[in-house]
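3D model of this:
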Amino acid sequence: MKRSVFLLGLLAAFFSAAAWAHEFWMESQPAVVQAGGSALLKLEVGEYFEGSQAGFSGTHTAAMRHYHGDETDDLVKRLPADGTLPVFGLPALQPGTHLIAYDSQPSLITLAPDKFHAYLHDEGLDAIIRQREASGTAALPGRERYRRNVKHLLRAGGQSDATYAVRAGQRLEIVPLSDPYAKRPGDTLAFQLLFDGRPLAGALVKAWHKRSGQTTLARVRTDQGGKAAVNLPYAGVWMLSVVHMIKAVDTKEADWDSFWGNLTFSLGGQAPAQ
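Numbers count the residues shown, from 1 in each chain. This next block holds a predicted model:
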């Protein structure tokens, strides 16, 4: 029991530490598998696409779904109510594209005014800074309730399909407008950003890539239709991340609700020989 309490406390610390200037994403090993093969999912939290393992917990998970073709599997029932799983297994994957959508439960954090404004500026949320200045609250701590909306794509058997375009119904959701697995290094990937199912304009989206110890970062803004495109110069795992913030509702514990959207996928990967 003590070990379970420790693990839950450690997981809560990871979620709290990730509240500002930290990304939260999902990876799989391997990213491309044979038909009928298995993959292990990991949740990571960190900076500059360098993370520490966070684990899976029923306590901190609002929803977790596996999409493949016309099939949807609710994965929450496989999460422990007490304690955490370091990795989550997906066995016997059928050929094609698989999408995992993960939504966290809301968490609270309070940041000093300078740290709060620095984080807002880094995430392109200067409009929130201006709102705080206009309301005379800029010198007050930033009280925030945050949620994670994470998506991860993987492919089995060297085949891909339209699963990449599934709308999972997340509060903040990144939806590719073309198949990432049809892309090669140097290609451009277009996507649409949705908030509560509607296009979100003017959001700052970051594209991350790790290569030979170097991190590549590109920034784009969504247009009036919530759309943007990023160039993908390198093969390997890519991450798109974005933060959206609104005034908090139905709580006295926070002044702001933030939503952290994330999408990871592998570019230019090939399935192992059958």
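
what segments of the stretch 51-200 of the chain are helices?
Taking DSSP state H, counting those that start in this stretch as the criterion, the stretch 51-200 of the chain contains helices spanning 113-122, 126-134.

let's see the longest strand along the chain as PDB, backbone CA atoms only.
Longest strand in the chain by number of residues, with DSSP state E as the criterion: strand 142-156. C-alpha atoms of strand 142-156 as PDB (Å, rounded to 0.1, in the frame of the first residue of the first chain):
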ATOM      1  CA  GLY A 142      -1.600  32.700 -11.800                       C
ATOM      2  CA  ARG A 143      -4.100  30.200 -10.500                       C
ATOM      3  CA  GLU A 144      -4.600  27.600 -13.300                       C
ATOM      4  CA  ARG A 145      -6.500  24.400 -13.800                       C
ATOM      5  CA  TYR A 146      -5.000  22.400 -16.700                       C
ATOM      6  CA  ARG A 147      -5.900  19.400 -18.700                       C
ATOM      7  CA  ARG A 148      -3.900  17.300 -21.200                       C
ATOM      8  CA  ASN A 149      -5.300  16.200 -24.600                       C
ATOM      9  CA  VAL A 150      -2.800  13.900 -26.100                       C
ATOM     10  CA  LYS A 151      -2.900  11.900 -29.400                       C
ATOM     11  CA  HIS A 152      -0.400   9.300 -30.700                       C
ATOM     12  CA  LEU A 153      -0.300   7.600 -34.100                       C
ATOM     13  CA  LEU A 154       1.400   4.400 -34.900                       C
ATOM     14  CA  ARG A 155       1.300   2.000 -37.900                       C
ATOM     15  CA  ALA A 156       1.200  -1.800 -38.200                       C
END
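
quick one: distance of that strand to the chain centre.
With C-alpha atoms, centre = their mean, to the nearest Å as the basis, strand 142-156 stands 3 Å off its chain's centre.

is it true that Gly142 touches Asp114?
No: contact between Gly142 and Asp114 fails when scored by C-beta atoms under 8 Å: they sit 9.8 Å apart. All C-beta atoms are positioned from the backbone trio N, CA, C, and that covers glycine.
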